[in-house]
Structures are given as structure tokens and as C-alpha cells.
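Q: would you be able to build a 3D model of this:
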Amino acid sequence: MRPVRSALQGAIAGAAATVAMSAFVEVGRRSGTIGRHPPKLITRTLLPSGFPSRPRRGEDAATTAVHLGIGMSAGAVFGLLTGQRRPRRISGALYGLAVWLAGYEGWAPVIGAQPPAHRDAPGRAWTMAAAHVVYGMVLAGTLRVLRGRRPVVEADASD
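A: Coordinates of the predicted model:
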């Protein structure tokens, strides 16, 4: 039952982390460092029919659902990897970078959603890498809160 609990806690923390990351990305979008929004590009590629570059009705809701689903899934994996331990923010930050690397140098270019990070616009690549660090830190921080403090077990007086 512990792995299920760890994964569920990770998914909940992943949802919170995705919201924080989305806010960071929105600041980047408004400042002009991102240009095309990667989660939207991924959603456009995954949606059936039409051209990936053409907006479709319901696209924003689908983008939110896809992004939240990916964030919760990655959070569940982190929850499993950490067991019931209270992870440090640095391990979350490193995990966030690993998620970014797997997505932006791996599967997102493979499905044709965008170029690999090393060939993408530098502003977008760096902003998205930083956004994933934010994701990881919030993920670890939220898991720490969800997992609470462990009570100190006192030694038995007969020992």
C-alpha cells in the first residue's frame, strides 16, 4: 500500500508544482522569452486532425489537461522514487531538470512538437529549463508538507 500512497502524494504534489511552473512560464511568455508555448505545441501535435500549427476549438482546455497530466505523472514517479522520505528541494530541482531534459531533448522532438532544446530559441530553452527547476523544487517542497514530520520514537526504558 505504501507505493500507492507515495505515487498519490507525488501526483498531488505534481499538480501543485505544475501550477507554479505554469505561472513562471506565463511570466516568460509575457516578457517575450518563450514565443510559442511548448505545452500548446505538444497538445497541437497530439490532437487528431488538422495541422499542428493551426489553433482549434477547445485547445486551451486540452493544453491545460495535457500539461497537468504530464506534471502529475512526473510527480507520481518522483513520489515512488522517494518512497515515504521527505525529499530535499535540491533533489526536486535536479529531478525537474531531468524531466526537462527527457522532454525537451527526448520525446517532444521525437513526436515533432518542437525542435530539441539545443536547437530551439535560447530564450525559450533557458526559460523552460528554469521553469522545470521551479517545478521540481515545488514538487519536493509539497511532498515534504504532505509527508509531514515523523514522530521521534523514544527508546524503550528497558533497553
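Q: spatially central residue for this protein, please.
A: Averaging the C-alpha coordinates of the chain gives a centre point, and the residue nearest to it by C-alpha atoms, centre = their mean is residue 71 (3.9 Å).
Q: distance of that residue relative to residue 64?
A: When C-beta to C-beta, to the nearest Å is applied, the distance between residue 71 and residue 64 equals 11 Å. Backbone N, C-alpha and C define where each C-beta goes, glycine included.
Q: could you report the neighbour count for residue 127?
A: A count of neighbours around residue 127, defined by other C-beta atoms under 10 Å, yields 21.
Q: repeat for the one 4 residues further on
A: Neighbour count for residue 131, taken as other C-beta under 10 Å: 23.
Q: elements contacting whichever strand or helix holds it?
A: For residue 131, the host element (DSSP states H and E) is helix 122-147. Counting contacts by 3 or more C-beta pairs under 8 Å, 6 or more residues apart in numbering; DSSP states H and E, helix 122-147 is packed against helix 2-31, helix 59-82, helix 89-102.
Q: dump those to CSV, plus mean pLDDT and distance to residue 125.
A: Formatted as CSV, the helices and strands packed on helix 122-147 follow (pLDDT from 0 to 100; distance: least, C-beta to C-beta, whole Å):
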stretch, mean pLDDT, distance to residue 125
helix 2-31, 94, 11
helix 59-82, 93, 18
helix 89-102, 97, 9
